[in-house]
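Trainee: Sequence and predicted structure, then a few things I'm wondering about:
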Amino acid sequence: MPQAAPMLRVENLAVTRGGLPVLEGLGFTLEAGQALVLRGPNGIGKTTLLRTLAGLQPALAGTISMPPETMAYAAHADGLKSTLTVTENLSFWAAVYGTGAIDAALDRMNLRQLADRPAHSLSAGQKRRLGLARLLVTGRPVWVLDEPTVSLDAASVALFAGAVRAHLAQGGAALMATHIDLGLSEATVLDLAPFKARPPELGGIAGSFDEAFA
Amino acid sequence: MIALLTRDLRLAIRAGGGFGLGLAFFLIVVTLVPFGVGPEGGVLARIAPGILWLGALLACLLSLDRIFALDFEDGSLDLLATAPIPLEGVVSVKAVAHWITTGLPLVLAAPVFGVLLHLPQAAYFWLVVSLALGTPALSVLGTFGAALTVGLKRGGLLLSLLVLPLYVPTLIFGAELVRRGANGMDTQVPLLMLAGITAACIAVVPFASAAAIRVNLR
């Protein structure tokens, strides 16, 4: 593994949900070829952290450093258009990211036979697979995934784990919040519980709950 | 950007996309007016420019809440916001798609609807010109209202309240242009004002809309 600058470095990060701090003092790095799994109870701030890293909301404190245009974000929702076919959905994202090739992604996520089906006729698990196939067509090295395995069966979880492993082998990196064991033995686990934000009276950062745009 | 435009147009013509809805609404408004004010040709001819412009404006309003709401609901907006296209570009493309599916059919159909209102012959040309120049501003301003209300449940009414006041300058100069055209008066001033308003909207509003979306996505 070439020793290069980390693909993602987070230092002393504090994130807020609805104006209230949920995590603080968080720091980690993500190297090429590394998978980092975020663990923690519901409400600890996994989704909030991932949204902050994706740039959808500002951090309360701390720094996030990564090279530009390296991250692909996958949220709880798959962002599929139900009246478009699997191919059309995937081709759209391939065009947005300027990659254009969707064949490999269709094969990798076992969607080839569904290619001409409109997305509204897919099952929940099939939609999820299509959502994950979107990551493959982005061509971005850093995957930021929020609960990627929701509604996937065991075989699809294995399929997905294989896709992540192939991505890591190509020098990519993945950061995911998940509750189940993916079978990725090489993944590092980061427990978020120790970074839970303290109340302001115990020295935590004061939130901005009264801010109009919180 | 082209991919986003073709996707939005494709979505509009697929089932439930709402293509043609605005046009049908426009037709109904224009047909209802003679029933309301009576079939007297002279009265209709005088109010026709204003009615046609009001109808176009309301028809435009009808589909505004779909611009971002659908993408917000299925999560696409989050993904588009993290995609390599700047959000300002997304907003602009969405405005173009909205104009093609709503404004452009109105421009093309307006002369036909003008017949229903006894629009004077000289005014047809100016009706098409004024709508062609004015409706892009309606779509672009609409993205701002849609961006402000994205994520609100049943934000459609609030959207109308926010957007309609912004439509006032376009309405004034658009209807005035047609009225002057109908009476054979000088049309240069309203024409330039209308074009200027549209140009300013296109230049400024996408930035405001993108900022509003960023705030709403937090």
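Mentor: Thanks, I have it.
Trainee: Quickly note the distance from whatever residue of chain B ends up closest to chain A to B:Thr82.
Mentor: Residue nearest to chain A within chain B: B:Gly75 (2.5 Å; C-beta to the nearest C-beta). Any C-beta I mention is one placed from the backbone N, CA and C, and that applies to glycine too. Per C-beta to C-beta, to the nearest Å, B:Gly75 is found 11 Å from B:Thr82.
Trainee: Which one's more surrounded, those two?
Mentor: Using other C-beta atoms under 10 Å in any protein chain shown, the more surrounded residue of B:Gly75 and B:Thr82 is B:Thr82, with 22 against 17.
Trainee: what pLDDT does that one get?
Mentor: For B:Thr82, the model assigns a pLDDT of 88.
Trainee: For the longest helix anywhere in chain B, buried residues please.
Mentor: In chain B, taking DSSP state H as the definition, the longest helix is helix B:188-217. Using 16 or more other C-beta atoms under 10 Å in any protein chain shown as the test for burial, helix B:188-217 gives B:190-191, B:193-195, B:197-198, B:201-202, B:205-206, B:208-210, B:212-214, B:216-217.
Trainee: which other helices and strands contact it?
Mentor: Judged by 3 or more C-beta pairs under 8 Å, 6 or more residues apart in numbering or on different chains; DSSP states H and E, helix B:188-217 is in contact with helix B:76-81, helix B:87-98, helix B:123-149, helix B:168-182.
Trainee: just these: most buried one?
Mentor: The highest mean neighbour count among these, using mean count of other C-beta atoms under 10 Å in any protein chain shown, belongs to helix B:123-149: a mean of 25.
Trainee: after it, next one along is what?
Mentor: Using DSSP states H and E, the helix or strand that follows helix B:123-149 in sequence is helix B:156-166.
Trainee: quick check: angle from that following helix to helix B:123-149?
Mentor: On the basis of axes from the mean of the first three to the mean of the last three C-alpha atoms, to 10 degrees, helix B:156-166 is oriented at 130 degrees to helix B:123-149.
Trainee: Can I get helix B:156-166 in CSV, CA atoms only?
Mentor: This file holds the C-alpha atoms of helix B:156-166, laid out as CSV (Å, rounded to 0.1, in the frame of the first residue of the first chain):
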residue,chain,number,x,y,z
GLY,B,156,-47.8,24.6,-2.1
LEU,B,157,-50.0,27.3,-0.8
LEU,B,158,-47.1,29.0,1.0
LEU,B,159,-45.2,28.8,-2.2
SER,B,160,-48.0,30.6,-4.1
LEU,B,161,-48.0,33.4,-1.5
LEU,B,162,-44.3,33.8,-1.7
VAL,B,163,-44.0,33.7,-5.5
LEU,B,164,-47.0,35.7,-6.7
PRO,B,165,-45.8,39.0,-5.4
LEU,B,166,-42.5,38.4,-7.2
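Trainee: Run a quick neighbour tally on the nearest residue to the residue of chain B closest to chain A once chain neighbours are set aside.
Mentor: In space, and not counting its chain neighbours, B:Gly75 is closest to A:Ala77: 2.5 Å by C-beta to C-beta, 6 or more residues apart in numbering or on different chains. Per other C-beta under 10 Å, the neighbour tally for A:Ala77 reads 17.
Trainee: And what about A:Ala77, helix, strand or coil?
Mentor: coil (DSSP: H, G, I helix; E, B strand; the rest coil).
Trainee: what's it sitting at in phi/psi?
Mentor: When read as degrees, to the nearest 10, the backbone of A:Ala77 gives phi -80, psi 150.
Trainee: For it, which residues are in contact?
Mentor: Neighbouring residues of A:Ala77 by C-beta atoms under 8 Å, 6 or more residues apart in numbering or on different chains: B:74-75, B:78.
Trainee: Just send those residues back as TSV, with pLDDT too.
Mentor: Listed next are those as TSV, based on pLDDT from 0 to 100:
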residue	pLDDT
B:Asp74	88
B:Gly75	88
B:Asp78	90
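Trainee: mind putting these in a markdown table, distance to A:Asn42 included?
Mentor: As requested, these are arranged in a markdown table below (distance: C-beta to C-beta, whole Å):
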| residue | distance to A:Asn42 |
| --- | --- |
| B:Asp74 | 23 |
| B:Gly75 | 20 |
| B:Asp78 | 20 |
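Trainee: nearest to A:Met109, of these?
Mentor: Lowest distance from A:Met109 to the contacts of A:Ala77 (C-beta to C-beta) belongs to B:Gly75, with 17.8 Å.
Trainee: Would you enumerate the residues in contact with the closest one?
Mentor: By C-beta under 8 Å, 6+ apart, B:Gly75 lies in contact with A:75-79.
Trainee: A:Ser82 touches A:His120, doesn't it?
Mentor: Yes - using C-beta atoms under 8 Å, A:Ser82 is in contact with A:His120, at 3.5 Å.
Trainee: quick one: A:Phe160 is in a helix?
Mentor: Yes - counting by three-state DSSP, A:Phe160 is located in a helix.
Trainee: Pull up the per-residue confidence for it.
Mentor: Note for A:Phe160: predicted pLDDT of 89.
Trainee: what about it, how many residues close to it?
Mentor: By other C-beta under 10 Å, the residues close to A:Phe160 number 25.
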